[in-house]
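**Q** output the structure for:
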Amino acid sequence: MTLEEVRGQETVPESTTRMQSAGKALHELLLSAQRQGCLTVGVYESAKVLNVDPDNVTFCVLAADEEDEGDIALQIHFTLIQAFCCENDIDIVRVGDVQRLAAIVGAGDEAGTPGDLHCILISNPNEDAWKDPALEKLSLFCEESRSVNDWVPSIPLPE
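**A** Numbers count the residues shown, from 1 in each chain. Below you'll find the model as predicted:
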(Lines give C-alpha, C1' and ligand atoms only; values in the text may rest on other atoms or scores of the structure.)
Protein backbone atom coordinates (compact mmCIF):
# COMPACT_ATOMS: atom_id res chain seq x y z
CA MET A 1 0.00 0.00 0.00
CA THR A 2 1.42 3.40 -0.98
CA LEU A 3 1.35 6.54 1.11
CA GLU A 4 -1.24 8.03 -1.23
CA GLU A 5 -3.50 5.01 -0.71
CA VAL A 6 -3.16 5.23 3.06
CA ARG A 7 -3.79 8.96 2.96
CA GLY A 8 -6.85 8.39 0.77
CA GLN A 9 -8.32 6.13 3.43
CA GLU A 10 -7.94 8.75 6.14
CA THR A 11 -10.57 11.42 6.47
CA VAL A 12 -8.83 14.76 6.64
CA PRO A 13 -11.15 17.60 7.57
CA GLU A 14 -10.58 19.94 4.66
CA SER A 15 -12.90 22.86 4.13
CA THR A 16 -13.92 23.79 0.63
CA THR A 17 -13.27 27.42 1.49
CA ARG A 18 -9.65 26.65 2.41
CA MET A 19 -9.10 24.81 -0.88
CA GLN A 20 -10.73 27.57 -2.92
CA SER A 21 -8.67 30.18 -1.11
CA ALA A 22 -5.48 28.26 -1.94
CA GLY A 23 -6.56 27.95 -5.58
CA LYS A 24 -7.22 31.68 -5.80
CA ALA A 25 -3.85 32.42 -4.16
CA LEU A 26 -2.11 30.15 -6.68
CA HIS A 27 -3.86 31.95 -9.55
CA GLU A 28 -2.71 35.33 -8.17
CA LEU A 29 0.82 34.05 -7.58
CA LEU A 30 1.18 32.68 -11.10
CA LEU A 31 0.02 35.97 -12.63
CA SER A 32 2.29 38.02 -10.36
CA ALA A 33 5.31 35.80 -11.00
CA GLN A 34 4.67 35.92 -14.73
CA ARG A 35 4.63 39.76 -14.65
CA GLN A 36 7.92 39.67 -12.72
CA GLY A 37 9.47 37.17 -15.16
CA CYS A 38 9.92 34.59 -12.39
CA LEU A 39 8.30 31.51 -13.98
CA THR A 40 10.14 28.46 -15.26
CA VAL A 41 7.79 26.27 -17.29
CA GLY A 42 8.38 22.64 -18.25
CA VAL A 43 9.69 19.51 -16.56
CA TYR A 44 13.17 19.59 -18.12
CA GLU A 45 13.58 23.36 -17.78
CA SER A 46 12.52 23.11 -14.14
CA ALA A 47 14.95 20.27 -13.48
CA LYS A 48 17.78 22.40 -14.89
CA VAL A 49 16.87 25.34 -12.63
CA LEU A 50 16.55 23.07 -9.58
CA ASN A 51 19.97 21.60 -10.34
CA VAL A 52 21.72 24.93 -10.91
CA ASP A 53 20.05 27.26 -8.40
CA PRO A 54 17.63 25.55 -5.96
CA ASP A 55 18.03 28.31 -3.35
CA ASN A 56 16.38 30.78 -5.71
CA VAL A 57 13.23 28.63 -6.19
CA THR A 58 10.36 29.53 -3.87
CA PHE A 59 7.45 27.40 -5.11
CA CYS A 60 6.70 24.45 -7.38
CA VAL A 61 3.47 23.49 -9.17
CA LEU A 62 3.03 20.02 -10.64
CA ALA A 63 0.14 19.63 -13.06
CA ALA A 64 -1.37 16.52 -14.60
CA ASP A 65 -4.71 15.72 -16.19
CA GLU A 66 -6.35 12.31 -15.77
CA GLU A 67 -4.77 10.99 -18.97
CA ASP A 68 -1.31 11.99 -17.64
CA GLU A 69 -1.73 9.76 -14.58
CA GLY A 70 -0.84 6.72 -16.72
CA ASP A 71 2.37 8.31 -18.06
CA ILE A 72 5.03 6.41 -16.12
CA ALA A 73 7.90 8.63 -17.26
CA LEU A 74 6.04 11.75 -16.13
CA GLN A 75 5.23 10.15 -12.76
CA ILE A 76 8.92 9.30 -12.27
CA HIS A 77 9.84 12.92 -13.04
CA PHE A 78 7.19 14.09 -10.55
CA THR A 79 8.58 11.80 -7.86
CA LEU A 80 12.12 13.09 -8.38
CA ILE A 81 10.99 16.73 -8.42
CA GLN A 82 8.88 16.21 -5.29
CA ALA A 83 11.81 14.62 -3.46
CA PHE A 84 14.14 17.42 -4.51
CA CYS A 85 11.65 20.10 -3.44
CA CYS A 86 11.08 18.44 -0.07
CA GLU A 87 14.83 18.12 0.47
CA ASN A 88 15.36 21.82 -0.33
CA ASP A 89 12.33 23.17 1.60
CA ILE A 90 10.50 24.27 -1.55
CA ASP A 91 6.71 24.32 -1.17
CA ILE A 92 4.96 22.20 -3.75
CA VAL A 93 1.35 21.64 -4.84
CA ARG A 94 -0.44 19.57 -7.49
CA VAL A 95 -3.04 20.85 -9.92
CA GLY A 96 -5.32 18.56 -11.91
CA ASP A 97 -6.23 20.88 -14.79
CA VAL A 98 -3.46 21.57 -17.30
CA GLN A 99 -5.85 23.40 -19.66
CA ARG A 100 -6.86 25.85 -16.91
CA LEU A 101 -3.20 26.34 -16.02
CA ALA A 102 -2.46 27.09 -19.69
CA ALA A 103 -5.21 29.71 -19.68
CA ILE A 104 -3.62 31.40 -16.66
CA VAL A 105 0.01 31.45 -17.76
CA GLY A 106 -0.74 31.68 -21.49
CA ALA A 107 1.85 29.10 -22.46
CA GLY A 108 1.22 27.37 -25.75
CA ASP A 109 2.09 27.21 -29.40
CA GLU A 110 0.50 28.97 -32.35
CA ALA A 111 -2.18 26.28 -32.66
CA GLY A 112 -3.28 26.95 -29.09
CA THR A 113 -2.18 23.63 -27.64
CA PRO A 114 -0.41 24.04 -24.31
CA GLY A 115 3.28 23.34 -24.07
CA ASP A 116 4.84 21.36 -21.24
CA LEU A 117 3.02 22.77 -18.24
CA HIS A 118 3.52 19.71 -16.07
CA CYS A 119 5.96 21.56 -13.84
CA ILE A 120 6.14 25.27 -13.09
CA LEU A 121 8.70 26.83 -10.77
CA ILE A 122 8.42 30.26 -9.22
CA SER A 123 11.74 31.91 -8.41
CA ASN A 124 12.88 35.04 -6.65
CA PRO A 125 13.38 37.85 -9.19
CA ASN A 126 16.45 39.16 -7.35
CA GLU A 127 18.50 38.72 -4.19
CA ASP A 128 15.92 40.46 -2.01
CA ALA A 129 13.27 38.14 -0.65
CA TRP A 130 10.23 38.50 -2.87
CA LYS A 131 7.24 38.99 -0.61
CA ASP A 132 3.95 38.29 -2.30
CA PRO A 133 0.78 37.92 -0.18
CA ALA A 134 -0.36 35.02 -2.37
CA LEU A 135 2.98 33.25 -1.87
CA GLU A 136 2.66 33.69 1.89
CA LYS A 137 -0.89 32.25 1.82
CA LEU A 138 0.25 29.26 -0.20
CA SER A 139 3.26 28.67 2.06
CA LEU A 140 0.94 28.62 5.06
CA PHE A 141 -1.45 26.28 3.21
CA CYS A 142 1.43 23.90 2.41
CA GLU A 143 2.68 24.02 5.99
CA GLU A 144 -0.80 23.18 7.30
CA SER A 145 -1.09 20.35 4.79
CA ARG A 146 2.26 18.90 5.83
CA SER A 147 1.09 18.93 9.46
CA VAL A 148 -1.56 16.34 8.47
CA ASN A 149 0.94 14.36 6.34
CA ASP A 150 -0.27 15.72 3.00
CA TRP A 151 3.16 16.52 1.57
CA VAL A 152 1.99 17.49 -1.92
CA PRO A 153 -1.55 18.85 -1.60
CA SER A 154 -3.81 19.01 -4.63
CA ILE A 155 -5.66 22.27 -5.11
CA PRO A 156 -8.32 23.36 -7.60
CA LEU A 157 -7.76 26.39 -9.79
CA PRO A 158 -10.61 28.92 -9.87
CA GLU A 159 -12.74 29.16 -13.01
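
**Q** where does this protein have low pLDDT?
**A** Residues of the chain that meet the criterion pLDDT under 70 lie in 1-15, 107-114, 125-130.

**Q** quick one, longest strand in it?
**A** Taking DSSP state E as the criterion, the chain has its longest strand at strand 57-63.

**Q** how far off centre is that one?
**A** From the chain centre to the centre of strand 57-63 is a distance of 4 Å (C-alpha atoms, centre = their mean, to the nearest Å).

**Q** and that strand, what does it pack onto?
**A** helix 16-36, helix 43-52, helix 72-87, strand 91-95, helix 98-105, strand 119-123, helix 133-147 (3 or more C-beta pairs under 8 Å, 6 or more residues apart in numbering; DSSP states H and E). C-beta: built from backbone N, CA, C; applies to glycine.

**Q** run the last query once more with 6 Å
**A** Packing partners of strand 57-63 (3 or more C-beta pairs under 6 Å, 6 or more residues apart in numbering; DSSP states H and E): strand 91-95, strand 119-123.

**Q** name the strands paired with it and say parallel or antiparallel.
**A** Counting by DSSP bridges, the strands paired with strand 57-63 are strand 91-95 (parallel), strand 119-123 (antiparallel).

**Q** of the ones you listed, which is nearest residue 50?
**A** strand 119-123 (7.2 Å; C-beta to C-beta).

**Q** rewinding a little: got the angle for the longest strand of the chain vs helix 133-147?
**A** 70 degrees (axes from the mean of the first three to the mean of the last three C-alpha atoms, to 10 degrees).

**Q** mind listing what's buried in strand 57-63?
**A** Across strand 57-63, burial judged by 16 or more other C-beta atoms under 10 Å covers 57, 58, 59, 60, 61, 62, 63.

**Q** among those residues, which two are most distant?
**A** Within these, 58 and 63 form the most distant pair, 17.5 Å apart (C-beta to C-beta).

**Q** wait, what's in contact with the residue positioned nearest the centre of the chain?
**A** Centroid check for the chain by C-alpha atoms, centre = their mean gives residue 61 as the closest residue, at 1.3 Å. Going by C-beta atoms under 6 Å, 6 or more residues apart in numbering, residue 61 touches 93, 95, 120.

**Q** neighbour-wise, which of those residues leads?
**A** residue 120 (27 neighbours; other C-beta atoms under 10 Å).

**Q** that older thread, excluding chain neighbours, what is closest to the residue nearest to the centre of the chain?
**A** Among residues not flanking residue 61 along the chain, residue 120 sits closest, at 4.4 Å (C-beta to C-beta, 6 or more residues apart in numbering).
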